Each structure stands twice: as C-alpha cells, then as structure tokens.
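J.: Quick one, structure for this:
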Amino acid sequence: MRYDEFLARVRERGEYTDQDEAATITEAVLGVLAQRISPGEVDDLASQLPGPLGQMLADTKQQPERFGIEEFYRRVAERIGARPRTAEWDASAVLTAVADTVSGGELNQIISQLPSGYALLFGKPDLAG
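T.: Residues are numbered from 1 along each chain as shown. Coordinates of the predicted model:
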C-alpha cells in the first residue's frame, strides 16, 4: 500500500478534514505505539508500513515502556492536543488501517506485546488476550 492510500484510509475512518490532519494523527498514534512495543517489533512494523511512516518509526526506537490502554490514549491526546476520548477514536482510525496493511503474523506479534484492550483498537477483538 502506498503512503497516500494509507492516509486516505485513516482520513476516511477518522472522518478527518484532509490528508494533513490524517498524517498528524497517524504519526502521533504510531509514535506512542512505538513507545509500547519492543525495538525489534518496531523494526518489523516499520518494514511493512509505507515510506515515510516506516522511516518515522525507525527513528523512534527505544526500550518499550509498560502502560495500559488509558495511558496510551492520554499520550496520544497529549501529542495532538485533544482529549483522551478523542484519542481513542484517533487511535482506532490509525490502528485499523495498520491492521489492514501489515501481515497477519506481524499484527499478532504486535498485539501479543500489548495488554488486553488494544486488540479492539486494531479492529481485531478476536485477538484480544
């Protein structure tokens, strides 16, 4: 999938006004996700995302932090200047696009590193642990 196609999916799902808003939200959500998963998993995810998104993730590698879904929303909200409830909507718009883009094996690997609750954001409640 091309970068513009990915952003179009995020824009449609999140009902954003334009591609720039979708890109800003996407970078915020993926940036917080990268804080939560292992550096190796960040590399694997980056390799399956289109162009600039993969590069952005590759530049954010660090040791993973342990935090739950509410903290995930808080961190996304902080990055985009929104409320955590809005961040939940934003995260779902981005992560369902991620789920449509990456392989099933990669998606399983990401979700396996996250506590329960995250699978729903990817639109995959059947993978919830």
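
J.: Tell me the confidence at Val94?
T.: As predicted, Val94 sits at a pLDDT of 97.

J.: Number the residues from 18 up from this point.
T.: With the count now opening at 18, the last piece we talked about shows up as Val111.

J.: Next secondary structure after the strand or helix carrying Arg30?
T.: Assessed by DSSP states H and E, Arg30 sits inside helix 20-31. The helix or strand immediately downstream of helix 20-31 is helix 36-53, counting by DSSP H and E.

J.: mind listing the helices in the chain by residue range?
T.: Shown for the chain, the helices assigned by DSSP state H span residues 20-31, 36-53, 56-65, 68-75, 86-97, 101-118, 121-129, 135-138.

J.: With just CA atoms, put the last one into PDB.
T.: Going back to what we said before, that points to helix 135-138. This file holds the C-alpha atoms of helix 135-138, laid out as PDB (Å, rounded to 0.1, in the frame of the first residue of the first chain):
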ATOM      1  CA  TYR A 135      -5.500  -2.900  22.500                       C
ATOM      2  CA  ALA A 136      -6.800  -5.600  20.100                       C
ATOM      3  CA  LEU A 137     -10.100  -3.700  19.800                       C
ATOM      4  CA  LEU A 138      -8.200  -0.700  18.500                       C
END
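
J.: For the residue lying farthest from the centre of the chain, grab phi and psi.
T.: Residue farthest from the centre of the chain, counting by C-alpha atoms, centre = their mean, is Thr34 at 19.4 Å. Per-residue torsions, Thr34: phi -70, psi -30 (degrees, to the nearest 10).

J.: pLDDT value on it, please?
T.: For Thr34, the model assigns a pLDDT of 95.

J.: go on, Met73?
T.: 86.

J.: Residues contacting the helix holding Arg30, please?
T.: By C-beta atoms under 8 Å, 6 or more residues apart in numbering, the residues outside helix 20-31 that reach it are 33, 35-36, 38-40, 42-43, 66-70, 106-107, 109-111, 113-114, 117-118. All C-beta atoms are positioned from the backbone trio N, CA, C, and that covers glycine.
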